[in-house]
Every structure is written in structure tokens, then in C-alpha cells.
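Participant: have a look; sequence and predicted model below, questions after that.
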Amino acid sequence: MTASAVPLIETANFVSAEELENPPSRVDGIDAETEVSLRIYGCELIQEGCILLKMPQTCAATGQILFHRFYYKVSFKRYDVEISAMAALFLAAKREECSPGGHDKDGRTTLRIKDFVNTWHNMKQRRMNKKPKDCVPINPWGETFADMKTRLVASERVLLKKLGFILFVEHPHKFVIMYCQQLDAWELAQKAWDYCNDSLRTNLCCRYPADTIAVGAIYLAARARGVKLPENPSICDIFHVKTEDIEDVKLAICALYTREKAKLIQVYEKRQKPKKIPVVKDEAAEKEKEAAAAAAAAAAKAKDAEKEGKAKDKKDGERGRSRSASQGSEASGGGDRRRDRRDDRRSRSRSRSRDERDRARGRGREARGSSRDRDDRRDRDRRDSDRDRDRGRGRDKDRDYDRRDRDRGRESRDRRDDRDRRDRDRRR
């Protein structure tokens with residue numbers, strides 16, 4: 001049956017009728033009984049891991065549904081059931097936004113791979129009938145931890161790829177609550193809820209929609225509690241489900257309680273890495289390549305030696321020309337040296353006479369300047385005394401005024417220095 005011809009009931013669960021009738025595990029030679037046992041075993045691992053990690057039941061239900069869908073796309077022979085169950089729960093925790101132990105102090109979910117690896121390692125030791133005191137925690141820096149971590153990440157990617165990144169799931173539990181409310185039979189809710197949890201270990205989630213499984217769980221709960229359900233109209237007519245589907249759901253759930261506890265059946269075959277095909281070398285061709293490489297190296301070496309020789313010859317020629325030019329200048333430079341000495345003597349005598357003349361002029365100028373300054377001071381003092389006498393001030397008062405002006409000048413000078421210092425600091 002093609003994908004376009006798949007009925008709505010099968011398309012809603014994202015598993016085609018062809019995959020249900022002929023799953024990949026059957027093609028690899030695994031019989032139906034072994035496949036059912038491995039499915040139950042994987043779902044029990046998911047349920048137990050969810051309880052140990054303290055995650056809600058919704059996370060376990062989602063992981064079990066994803067686990068069933070995954071093994072309708074691949075075979076138990078090609079993918080390890082334990083690692084796939086761990087990857088399904090890990091992916092379900094991401095989808096449901098759950099985390100081991102709940103949320104952190106800031107209200108955020110914290111998913112850590114090491115929690116899942118440690119939990120699965122502990123469950124494996126328990127299933128080997130080890131006592132709790134004999135269970136050894138896994139070494140986080142050992143090869144076993146690294147191998148399980150790598151396989152978990154790889155299995156999660158494969159699971160997403162095989163499911164087509166479709167993670168939509170619908171649980172029957174919400175329909176149980178709604179139908180019990182409509183039937184006014186709240187005493188059946190808890191028992192029907194338990195039957196829904198048990199139904200997730202079967203492939204009913206891939207064969208029937210969630211509302212059909214919920215009605216079948218209510219039927220079983222009513223029979224267990226001795227509660228009479230309405231007959232006209234019947235519960236199947238009320239909730240629009242088929243009677244034969246309800247019977248199939250009831251038989252599949254009841255068949256779980258007649259089975260023995262599921263155990264791991266080793267059908268997984270670890271794929272080995274393909275062996276490398278040895279390459280046959282052609283000795284003649286190898287020798288030709290080596291000879292060609294040696295010839296190319298010798299040619300390059302000869303070319304480099306030729307360049308070095310040319311550079312050396314050029315350098316020697318320049319050195320010889322410079323030596324000959326210096327020797328010629330020494331042979332014909334006697335007259336030039338005498339001329340240079342004569343010019344130096346003349347320039348020294350000129351500078352000496354100029355310095356003496358300047359000194360003589362400077363002495364006379366200083367003497368004249370000092371006498372003129374003395375006369376100017378005398379005239380200024382006389383004018384100041386005449387002015388003070390006219391104004392009625394004595395010499396003591398003039399002295400006070402001079403001190404005050406001097407203090408003011410010092411203060412203004414200090415302020416100016418402070419301002420200049422601040423400007424320098426600002427420029428720096």
C-alpha cells in the first residue's frame with residue numbers, strides 16, 4: 001500500500017500499513033515474538049529511567065511512543081535497543097521540556113547527558129542482579145562513559161532523521177479524563193489511567209488513535225471495578241469508535257499480564273568498520289617518480305648555485321671599482337689638501353677678528369647703557385618724590401604702597417603659574 005493510500009487512522013500515528021505488516025526487523029530474520037519482547041523491554045527501560053531521573057510520566061509516555069515509531073523504521077538488528085531507549089527518553093525530555101530532578105533555582109530546565117548515562121549504567125548493573133552496595137558508579141573520565149555518551153548523541157540524531165523530525169504525539173490520558181467526566185464515572189479514571197500507561201508498552205500507539213485506546217482502557221476499568229456502562233447508546237456510539245477496535249485494544253492490553261518479565265535478547269550486531277583494501281604499488285612507476293624528483297632537485301640546486309655566483313661576481317666588481325677610485329683620489333689630492341689648510345687658516349683669522357671687534361663694541365655699549373639707566377632712575381625717583389610731596393604723602397606711606405603692590409604682583413604671578421600648570425596637565 002502506498003503512502004497516499006494509507007488510511008487516516010494510520011497516517012495520524014505516522015506509521016504506514018506496510019510498515020505495520022512487514023517491519024524492518026522481520027526482514028532481518030527476527031521473529032514476531034522476539035520483536036514484541038524487545039519492544040516491551042525498551043519501554044520498561046524508558047519507564048524505569050524516567051522514574052530514577054524524577055521526570056514526569058508525560059516524558060516517559062512520549063519517549064515510549066517515539067521508541068515504537070523508530071523501530072517501525074529500522075531493525076532491532078542494526079540499532080541497540082538500550083541505547084535507542086536512552087535516546088528516545090532524552091529526546092522526549094527535550095520535547096516536553098523536562099529535566100532530571102525538575103527545574104533549577106532559576107526555573108530553567110537542565111538536561112545533562114551524564115545524568116542519562118549514569119542512570120542507564122546503574123540500571124544495567126541492577127539487571128545483572130547486583131546488590132545496591134556492589135553497584136559501582138561509572139567513571140566520567142573513562143572510555144565506557146565516553147563511548148556511551150557518543151552513542152547517545154549519535155542515536156538521537158538517527159532517531160530524528162528516521163522519524164523525519166516529526167515529534168508530534170497524542171496521549172490517551174487526556175481522553176480518559178474527558179470521557180469519565182461525560183460518563184460521570186470518576187471512579188474509573190485512575191484504573192483507566194493505569195491501563196493507558198500499560199498500553200504504551202505495546203504497539204497500540206502506532207495502530208490506533210489515542211481516543212480509541214482511551215475507550216478500551218475505560219472498558220477494562222469498568223470490568224475490573226464492576227461498573228456498568230451505558231448500553232443504549234453504547235459507549236462506542238457515544239465516542240464514535242469501532243467495536244472491533246475496542247476489542248483489539250482490550251486483548252492487546254490483557255496479553256501483557258500473561259507474559260513473563262521481558263529480558264534483553266541479543267540480536268544487535270555491531271557493525272564493523274570496513275577493512276582497508278591494500279594498494280598494490282608499481283615498483284617501476286615509483287622508481288621513475290623518484291628519479292624525476294631527484295633530477296628536479298639537482299636542477300634547482302644548480303640554478304641556485306648559478307645565481308649565487310653571478311651575485312658574487314657583481315659584488316666583487318663593485319668593490320674593485322670603489323678601491324681603484326679611492327687610490328686615484330689619494331694620488332692626485334696633494335694640492336687640494338694644501339689649499340684646504342690655507343682656507344681653514346683664513347676662516348679662523350676672520351672669525352677671531354670678528355669676535356674681538358664684537359667684544360670691544362659690547363663693552364662700550366654696556367658702559368653707555370649703564371650710565372643712561374642710572375640717570376633714568378635718578379630722574380624717575382625725583383619725579384616720584386615731587387609728586388608725593390605735592391599729594392602730601394611721606395616716604396613711609398610710599399613704602400607701604402610699594403609693599404602692597406609687590407604682594408599683589410606676587411599673588412597674580414602665583415595665580416598665573418597655577419593656571420599654566422592646569423593647562424599643561426590638561427594637555428597631557
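Facilitator: Happy to help now that I have it. What you are looking at is a predicted structure, and each value in this text was computed from that prediction instead of being measured.

Participant: outline the domain layout of the chain.
Facilitator: Domains of the chain are assigned by automatic domain parsing as 23-169, 171-271.

Participant: next, format those as a markdown table and append distance to residue 287, mean pLDDT and mean neighbour count.
Facilitator: Bear in mind the C-beta positions are built from the backbone N, C-alpha and C, glycine included. Shown next, in a markdown table, are the domains of the chain (distance: least, C-beta to C-beta, whole Å; pLDDT from 0 to 100; neighbours: other C-beta atoms under 10 Å):
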| stretch | distance to residue 287 | mean pLDDT | mean neighbour count |
| --- | --- | --- | --- |
| domain 23-169 | 45 | 86 | 17 |
| domain 171-271 | 41 | 89 | 17 |
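
Participant: figure out which of those domains is closest to residue 307.
Facilitator: Residue 307 lies closest to domain 23-169 among the domains of the chain, at 56.0 Å (C-beta to C-beta).

Participant: so how far is the closest one off the chain centroid?
Facilitator: 25 Å (C-alpha atoms, centre = their mean, to the nearest Å).

Participant: what sits closest to residue 77 if chain neighbours are left out?
Facilitator: Among residues not flanking residue 77 along the chain, residue 28 sits closest, at 4.3 Å (C-beta to C-beta, 6 or more residues apart in numbering).

Participant: same thing with residue 269?
Facilitator: Of all residues not flanking residue 269 in the chain, residue 77 sits nearest, at 5.8 Å (C-beta to C-beta, 6+ apart).

Participant: helix, strand or coil for residue 79?
Facilitator: Here residue 79 is coil, with the state taken from DSSP: H, G, I helix; E, B strand; the rest coil.

Participant: residue 140 too?
Facilitator: Classified using three-state DSSP, residue 140 is coil.

Participant: my guess is it contacts residue 112. True?
Facilitator: No. In this structure, residue 140 is not within contact of residue 112 by C-beta atoms under 8 Å, at 11.1 Å.

Participant: so for residue 371, what's the pLDDT?
Facilitator: Looking at residue 371, its pLDDT reads 59.

Participant: now swap in the one 5 residues further on and tell me
Facilitator: For residue 376, the pLDDT comes out at 73.

Participant: that one: which element?
Facilitator: Following DSSP states H and E, the helix or strand that holds residue 376 is helix 334-391.

Participant: which residues touch residue 265?
Facilitator: 34, 37, 38, 41 (C-beta atoms under 8 Å, 6 or more residues apart in numbering).

Participant: of those residues, closest to residue 162?
Facilitator: Nearest to residue 162 among the contacts of residue 265, counting by C-beta to C-beta, is residue 38 at 16.7 Å.

Participant: helices or strands up against the helix or strand containing that closest one?
Facilitator: Under the criterion of DSSP H and E, residue 38 resides in helix 32-52. In terms of contacts (3 or more C-beta pairs under 8 Å, 6 or more residues apart in numbering; DSSP states H and E), helix 32-52 is packed against helix 24-27, helix 57-70, helix 81-95, helix 113-127.

Participant: surely the residue nearest to residue 77 and residue 74 touch.
Facilitator: No. Using C-beta under 8 Å, residue 28 makes no contact with residue 74, being 9.7 Å away.

Participant: and residue 197, which of the helices and strands packed on helix 32-52 is closest to it?
Facilitator: Closest to residue 197 of the helices and strands packed on helix 32-52, according to C-beta to C-beta: helix 57-70, at 7.1 Å.

Participant: how much space separates the nearest residue to residue 66 once chain neighbours are set aside from residue 63?
Facilitator: Spatial nearest neighbour of residue 66, chain neighbours left out: residue 88 (4.7 Å); criterion: C-beta to C-beta, 6+ apart. Distance of residue 88 to residue 63, computed by C-beta to C-beta, to the nearest Å: 4 Å.

Participant: any common contacting residues for those two?
Facilitator: residue 46.

Participant: all helices of the stretch 101-250 of the chain, in order?
Facilitator: 113-127, 143-162, 173-183, 189-199, 204-207, 210-225, 235-239, 243-256 (DSSP state H, counting those that start in this stretch).

Participant: okay, those helices in TSV with distance to residue 45 next?
Facilitator: Formatted as TSV, the helices of the stretch 101-250 of the chain follow (distance: least, C-beta to C-beta, whole Å):
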stretch	distance to residue 45
helix 113-127	7
helix 143-162	13
helix 173-183	21
helix 189-199	15
helix 204-207	17
helix 210-225	22
helix 235-239	33
helix 243-256	16
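
Participant: hang on, the earlier thing: of all the domains of the chain, which one is nearest residue 314?
Facilitator: Short answer: domain 23-169, nearest of those by C-beta to C-beta, at 64.8 Å.

Participant: so for residue 300, which of the domains of the chain sits nearest?
Facilitator: When those are compared by C-beta to C-beta, domain 23-169 sits nearest residue 300, at 48.2 Å.

Participant: rewinding a little: okay if I get the helices and strands packed on helix 32-52 as JSON lines plus distance to residue 210?
Facilitator: Putting these into JSON lines (distance: least, C-beta to C-beta, whole Å) gives the following:
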{"stretch": "helix 24-27", "distance to residue 210": "25"}
{"stretch": "helix 57-70", "distance to residue 210": "10"}
{"stretch": "helix 81-95", "distance to residue 210": "16"}
{"stretch": "helix 113-127", "distance to residue 210": "27"}
